[in-house]
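> Build me a model:
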Amino acid sequence: MAECLYEGKEHAAAYLKYRVAPHELIAKILGYMEEKTAKPFKLAVDVGCGSGQGTTLLAPYFTQVVGTDISPAQLEMAQANSNPPNVSYRQCPAEELPFAAGEADLVTAMTAAHWFDRQRFLQEADRVLRPGGCLALLSYTLDMELEYGDVSGTLTDICEEFYAALLPFRNPYLGPSSTLIYKDMFDSCLYPDKEWDECFRLRRSLPLNGYIGMVETFSSYQKLQKKDPAEAERLSNNTRNKLLSAMGASSPDTEVVVVVKYFYWLACKP
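Sure thing, here's the model as predicted:
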């Protein structure tokens, strides 16, 4: 794995608490697989699984699901969850998966592949996938929007100020756009049967504090927090107060709709 992040226990706990589980995209992956390859689906490998939110969503559809991650703290959090009996976890780099050639029906990475050595990971995914197996990579842009009554536009403007303040702390390995990373990986995948979707909007109702907590799990915020904890706290509090003022609300537990803009690609190994 090219970049090792999300390794602290506190960060792993926040990741589990605040990150959104992409149920709708699991349905997209399974729909694609059912069109392209024969059942039964035996093994799914969720690479860079973090605290396992996406890993457990695969459990009803596969005989065995294995989440892999390089971070012991994330895996400790994943294993502490109430996991289905067919879900397990392994510590390993994304580029060195502990599976035999042709063993997996699905290899997926949910909001993780941008941290990998991307070409080595694609080669490793190809190695472990069986013919007819599928590769599914997904992530989201950081420009999440908020919806609340008739002030949604104002809230989104405040959110954009939040993101702009974090931009100088973006990891240079990611470059200017995560979407471009995934599009480049898509273009370099030689499987002829593949699909790209640049924007799939996923809506979740969360307390306003849940939205703030989610942004605080981003690597750019974590970098700011490590460099200047007081400034990070000031930025979060200032953003929260601006949002509450625009909403005409007093409690940070007030529910808002968070719009997360996912992008993803799917491919079937010949």
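> Heading C-terminal from the worst-scoring helix or strand of the chain on mean pLDDT, find the next helix or strand.
Least confident helix or strand of the chain, by mean pLDDT, DSSP states H and E, is helix 9-18 with a mean of 47. Remark: after helix 9-18, the chain's next helix or strand is helix 23-36, criterion DSSP states H and E.
> Output the contacting helices and strands for that next one.
Helices and strands touching helix 23-36, by 3 or more Cβ pairs under 8 Å, 6 or more residues apart in numbering; DSSP states H and E, are helix 53-57, strand 104-110, strand 129-140, strand 193-207, strand 255-268. Yep, even glycine has a C-beta here, placed from its N, CA and C like the rest.
> Out of the ones you listed, the one nearest residue 159 is which?
The minimum distance between residue 159 and the helices and strands packed on helix 23-36 falls on strand 255-268, with 9.4 Å, by Cβ to Cβ.
> rewinding a little: could you dump the helices and strands packed on helix 23-36 into CSV and include mean neighbour count and distance to residue 162?
Listed next are the helices and strands packed on helix 23-36 as CSV, based on neighbours: other Cβ atoms under 10 Å; distance: least, Cβ to Cβ, whole Å:
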stretch, mean neighbour count, distance to residue 162
helix 53-57, 24, 23
strand 104-110, 27, 23
strand 129-140, 22, 16
strand 193-207, 14, 15
strand 255-268, 20, 13
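> closest to residue 150 out of these?
The closest of the helices and strands packed on helix 23-36 to residue 150 is strand 255-268. By Cβ to Cβ, the value is 13.2 Å.
> Name the strands paired with that closest one and say parallel or antiparallel.
strand 129-140 (antiparallel), strand 145-147 (antiparallel), strand 193-207 (antiparallel) (DSSP bridges).
> Reformat those as a markdown table; add mean pLDDT and distance to residue 238.
Formatted as a markdown table, the strands paired with strand 255-268 follow (pLDDT from 0 to 100; distance: least, Cβ to Cβ, whole Å):
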| stretch | mean pLDDT | distance to residue 238 |
| --- | --- | --- |
| strand 129-140 | 97 | 24 |
| strand 145-147 | 96 | 16 |
| strand 193-207 | 94 | 18 |
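> Take these and lay them out in TSV including distance to residue 95.
Output for those, formatted as TSV (distance: least, Cβ to Cβ, whole Å):
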stretch	distance to residue 95
strand 129-140	14
strand 145-147	34
strand 193-207	21
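> Quick one: closest of these to residue 257.
Residue 257 sits nearest to strand 145-147 of all the strands paired with strand 255-268, at 4.0 Å, using Cβ to Cβ.
> List of residues touching the closest one?
Strand 145-147 is contacted from outside by 152, 155, 156, 159, 203, 211, 243, 256, 257, 258, 259, 261, using Cβ atoms under 8 Å, 6 or more residues apart in numbering.
> Would you agree the second one falls within a helix?
Yes - when classified by DSSP: H, G, I helix; E, B strand; the rest coil, residue 155 is found to be part of a helix.
> can you count the residues close to the closest residue to it other than its chain neighbours?
The shortest distance from residue 155 to any non-neighbouring residue, by Cβ to Cβ, 6 or more residues apart in numbering, is to residue 146 (4.0 Å). Here the number of neighbours of residue 146 (other Cβ atoms under 10 Å) works out to 23.
> Now do residue 146 against residue 170, distance only.
Going from residue 146 to residue 170 by Cβ to Cβ, to the nearest Å gives 21 Å.
> next one: residue 53
Per Cβ to Cβ, residue 53 is found 23 Å from residue 170.
> One more: residue 104?
Going from residue 104 to residue 170 by Cβ to Cβ gives 32 Å.
> quick one: residue 166 is in a helix?
Yes - the assignment for residue 166 by three-state DSSP puts it in a helix.
> For it, which non-adjacent residue is closest in space?
Nearest residue to residue 166, sequence neighbours excluded (Cβ to Cβ, 6+ apart): residue 220, at 4.1 Å.
> Let me know the pLDDT of that neighbour.
You'll see residue 220 listed with a pLDDT of 93.
> next one: residue 253
With respect to pLDDT, residue 253 has a value of 95.
> change the start of the numbering to 106 and stick with it
Sure, I'll start counting at 106 from here, so that last one is residue 358.
> Then it would be within a helix, right?
No - with three-state DSSP as the criterion, residue 358 is assigned coil and is not in a helix.
> Noted, bye for now.
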